[in-house]
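>>> the sequence and its predicted three-dimensional model are supplied below.
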Amino acid sequence: MKRITLLLSILLSVQATFVFAQRTSVKALTNNAIRVQWRETDGAFKIEEVSVKKNGEWAMAMAPSGEYTLLYSETKPSTEAAETFEKITGGKFPEDAYHYQQTQWKESTTGVALNTAGQAFHFFPQTGAAKDNGLEFKSETDVATVTAHWQFDPRFPNDIMVTLTLNAKKKGFFSLATPTLATLPMEQMSWVSVPGYFQGNFVQKNFALAYAYGHGIPDRPVVYRERCASTLSPLVSSKDGITLSVIPEPGLARDPWVKDQIAQIDWHLGLSHRNRKAQLSPTIYYPVLGEEKSEMNAGESISYTFRYSLIAGDWFQATKHAAIDIYKFRETLALRQSKQALTDRIEKMHHYLIDPKTSLWNIEEFKGKQIGAQSYLGGVVGSDKDAMKNSDYGAMWMLANATKDPELIQKVLPPAENFKLVQQQTDAGFFKGAVEGQYYLAKKKKFVEEWGEVVEPIALTYYVMLDVGNMLLFEPDNAELKERLILGAERLLSWQREDGSFAVAYDRKTEQETFKDIQDVRPTFYGLIVAYRILKDEKYLKAAEKGAEWFMQNAVQTGAFLGVCGDARYAPDFATGQSAQALLDLFDLTQNKKYQDAAVTCAKIYTSSIYTHPIADHKPKTVNGINREDWEISQTGLSFEHGGIFGSATRHGPIQLASHAGLFIRIYQFTGEQLFADMARASAIGRDAFVDSKTSVASYYWNAMNRGAGPYPHHAWWQIGWITDYLLSEAALRSNGKVTFPRGFVTPKVGPHQTYGFAPGDVFGDKANLVIKEGFAVADSPSVDPIISKSTTRNTYYITLLNNSAQPTAFNLKIDNSKVAEGNATATMKWAETNQKAAISNIKLPAFGTRTLQINY
């Protein structure tokens, strides 16, 4: 009897749904996850309900709409700026001095970008009918007929796929927006984002702050380009925990490298967080008005497909769905195969860096000292191609310590340390303890800042606290360095405001605060972490926590961050990822979980600085006459230097300097969030197409392909630094903590990678030092990276083998005992994991697996 009652109930339910969908005035799409219902009123089909299943109950999602928007222009819209804008403190934005940003700002303030160009036709469909397992709606306007077919994606029950078709009735330029499924009332907003451009939880009325910096949500319905959209998924989230995103079908956006040429700045797809009426509703525009495929004659048609994703979840869950499920990020990681081991790159870059000709190493006389640094041929105000700079002092000291190379120890480190000593201002006054500037101009014999006569508190954190702090980890008894660290720490302490924040910069001449239009939402407080860890004075920890509290409230919670590149007017950049590590380091010192939680949130936000499109594949392409497959040069998995409206990614694309890789492995290790591991590995593995075969130095910007260091020879140190951090983080993860090495401080400027090699690590219960012995252990597969360490108490070497491939790898290992042992020393080998005798031929490692070989002499 119960079975008959249940069957009758199911039949009645099916019948009700069928009747509901077939009534002429009502149309509906319903499954077990979402429900959308239209009602015909006065000859127009409007959406009257949008609901999502939440905790087993139906929840109304935002304010239903169903309105369509079509943009039309008889003539091609202007490519000139339509408006000018001012800083929140008054005055033109951006100032003329920022010449790198002028073109991008002009492009971003045209009528098309500001969404004021063309005539907007707003309408609701006039007809609707069931068709092809979905619903089809049709609309007539004066300039075009628009047809929309809606249906569920059977793979993803929270997605509705929509195909829009436009048939032109007259000649002109067209752009068809995705219909407004629902709008989010301002009072219900919890998070809004166009990933890669901005994210936040409040509306910013000052357009420059919102549009250029992402310090708040723009109050205009601006249309963003795909070139800096990291994940193609504009979204809005409500305080009820519901997120609506719009995701274009793969292949709709521009491919940054078409066959044999760059197409980074092509604009095929527009993305916005608002519809044309400025209501909060994620929207896509295709084609873009005035751009490719937008010009049509009467009788011509164009179609495109996208999907709505409506979930009872947050923005991070929505973004993951777009990246992983739709744009196949995890699957494309499996395509990556290295042609050169990362450890081999470190060894080759070692040779590059001890050759003054290749590394452009210079020795100059300044204030009675021999100072050493590498040439910097990028943009520096006042430079006559005579700028000099050092980058990663932690990596310099690590490489010297691990190799024991006299060329480094005797010829590089002493003048590099002198460079650091004379870089710091020691004269009495407001700037005592700060840096004179990042760069030394050899012809003018002076230190200067990157883009004007300013002094930044974060530059003090970077070029005194971090650099000197990392050197002191290796030289704890260096009294002069410790004195300099104290000078810097006291100056940073004096500049900290009562609320924990810092100024962005001070004018070098007047000593007055400058850049008052932007807040210092950067990890400036990290310098105080260094001070506490080295000097052990509680006042520095207290100040670091005060700085972190302000930062969490004003940056992490709001999604507003600032960058550290003066030539880009501090557009948000890799400092966001660095902030996550700063908070993790503070957690390590205090064990206060709020810092760890904030670090994870910050790292999640930083995933929006990493490209997840287009889908990498085996498509043949040509780069400077060299045949490549698409995955080899793919942007997918690479991060910005700075993105947004006027960052370098607009023209140059992402960078190869994957400083975040180690951080993301660490975040994955304690969260289990697979996206972090996938992103770390995608940035590090199989990037050989960007590596100069002569030097093993990777190019910085994506568009440089394999041109090598170019104007940035000092980047080789940063590359050694991030690769080491990544590999040792992977070793700790994959060995379940059996292979660990203590971490130092983050590097200045470019991200969160940290210093190693200053103290012994722990390798299967034995204290061991990190060493680099070129030629000692070489695998015949470039997917395998050997990490070498030596016991501090016995003549034992450990070789931790990492398979950096998504496929299992079988390989042979060549051991050259002469590199570490004298004469006829005998060696016994066993696997550290099992204590079983080891053979070094046909070693098999699973995907992203590891084993540690123990060799006793």
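Yep, it's here. Residues are numbered from 1 along each chain as shown.
>>> could you report the distance from the residue minimising distance to the centre of the chain to residue 287?
Taking CA atoms, centre = their mean, the centroid of the chain lies closest to residue 609, which sits 2.8 Å from it. Going from residue 609 to residue 287 by CB to CB, to the nearest Å gives 27 Å. From N, CA and C alone the C-beta is placed, and that goes for glycine too.
>>> repeat that for residue 354.
53 Å.
>>> looking at those two now, which is surrounded by more residues?
The neighbour count for residue 354 versus residue 287, taken as other CB atoms under 10 Å, is higher for residue 287 (23 against 18).
>>> contacting residues around the more buried one?
Applying CB atoms under 8 Å, 6 or more residues apart in numbering to residue 287 gives the contacts 174, 175, 176, 268, 293, 294, 302.
>>> and residue 146, helix, strand or coil?
Secondary structure for residue 146, judged by DSSP: H, G, I helix; E, B strand; the rest coil, is strand.
>>> quick check: it vs residue 139, distance?
Residue 146 sits 5 Å away from residue 139, going by CB to CB.
>>> again, but for residue 54
Shown here: residue 54 relative to residue 139, a distance of 32 Å by CB to CB.
>>> neighbour count: these two, which is higher?
Neighbours around residue 54 and residue 139, counted as other CB under 10 Å, are more numerous at residue 139. The numbers are 20 against 17.
>>> list the contacts of the more buried one.
Counting by CB under 8 Å, 6+ apart, residue 139 touches 68, 123, 124, 125, 126, 145, 146, 147, 148.
>>> one more: residue 776?
Going by CB under 8 Å, 6+ apart, residue 776 touches 788, 797, 815, 816, 819, 820.
>>> rerun that using 7 Å as the cut-off
788, 816, 819, 820 (CB atoms under 7 Å, 6 or more residues apart in numbering).
>>> could you pull out the helices for the stretch 201-350 of the chain?
207-213, 315-320, 329-333, 342-353 (DSSP state H, counting those that start in this stretch).
>>> please disregard the earlier target; I meant the stretch 751-857 of the chain.
For the stretch 751-857 of the chain, applying DSSP H, counting those that start in this stretch gives no helices.
>>> same deal with the stretch 1-150 of the chain?
Under DSSP H, counting those that start in this stretch, the stretch 1-150 of the chain gives helices at 2-22, 99-107.
>>> tell me the pLDDT of residue 710.
We note a pLDDT of 86 for residue 710 in this prediction.
>>> ok so, going back, intersection of neighbour lists for residue 146 and residue 139?
Common neighbours of residue 146 and residue 139 (criterion: CB under 7 Å, 6+ apart): residue 68.
>>> which one of the contacts of residue 287 sits in the busiest neighbourhood?
Highest count within those by other CB under 10 Å belongs to residue 175, 28 neighbours.
>>> is it in contact with residue 284, as I believe?
No. Using CB atoms under 7 Å, residue 175 is not in contact with residue 284; the gap is 10.1 Å.
>>> residues in contact with the residue lying closest to residue 448 once chain neighbours are set aside?
The shortest distance from residue 448 to any non-neighbouring residue, by CB to CB, 6 or more residues apart in numbering, is to residue 437 (4.3 Å). Neighbouring residues of residue 437 by CB under 7 Å, 6+ apart: 447, 448, 449.
>>> just those: which are in helices?
In helices, judged by DSSP state H, none of the contacts of residue 437 are found.
>>> mind giving me the PyMOL select for those residues, buried ones only?
Selection of buried members from these for PyMOL, criterion 16 or more other CB atoms under 10 Å:
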select buried, resi 447+448+449
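>>> tell me how many other residues surround residue 325.
By the measure other CB under 10 Å, the count of residues near residue 325 is 16.
>>> what do you get for the one 5 residues further on?
Burial of residue 330 is recorded as 17 neighbouring residues (other CB under 10 Å).
>>> right, and it touches residue 678 too?
Yes. Using CB under 7 Å, residue 330 and residue 678 qualify as a contacting pair, with a distance of 5.5 Å.
>>> can you name the residues that contact the residue nearest to the centre of the chain?
With contacts defined as CB under 7 Å, 6+ apart, residue 609 is in contact with 196, 230, 576, 639, 640, 643.
>>> put the buried members of the residues you listed into a PyMOL selection.
To isolate the buried ones among the contacts of residue 609 in PyMOL, judged by 16+ other CB under 10 Å, type:
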select buried, resi 196+230+576+639+640+643
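>>> which of the contacts of residue 609 fall within strands?
When these are checked against strands (DSSP state E), there are no matches.
>>> would you list every one of the strands in the stretch 101-250 of the chain?
Using DSSP state E, counting those that start in this stretch, the strands found in the stretch 101-250 of the chain span residues 119-123, 127-131, 134-140, 144-153, 156-168, 172-177, 180-183, 189-194, 198-200, 203-204, 217-218, 224-225, 235-238, 243-248.
>>> just so I know, which of these lies nearest residue 536?
Among those, the nearest to residue 536 by CB to CB is strand 198-200 (37.8 Å).
>>> any idea of the mean pLDDT for the closest one?
98.
>>> direction included, what does it pair up with?
According to DSSP bridges, strand 198-200 forms sheet pairs with strand 189-194 (antiparallel).
>>> quick one: contacts of the strand it pairs with?
Contact with strand 189-194 is made by 199-201, 217, 224, 229, 234-239, 271-273, 280, 315, 608, as judged by CB under 7 Å, 6+ apart.
>>> below-threshold pLDDT in the protein: ranges please.
The chain contains residues with pLDDT under 70 at 1-24.
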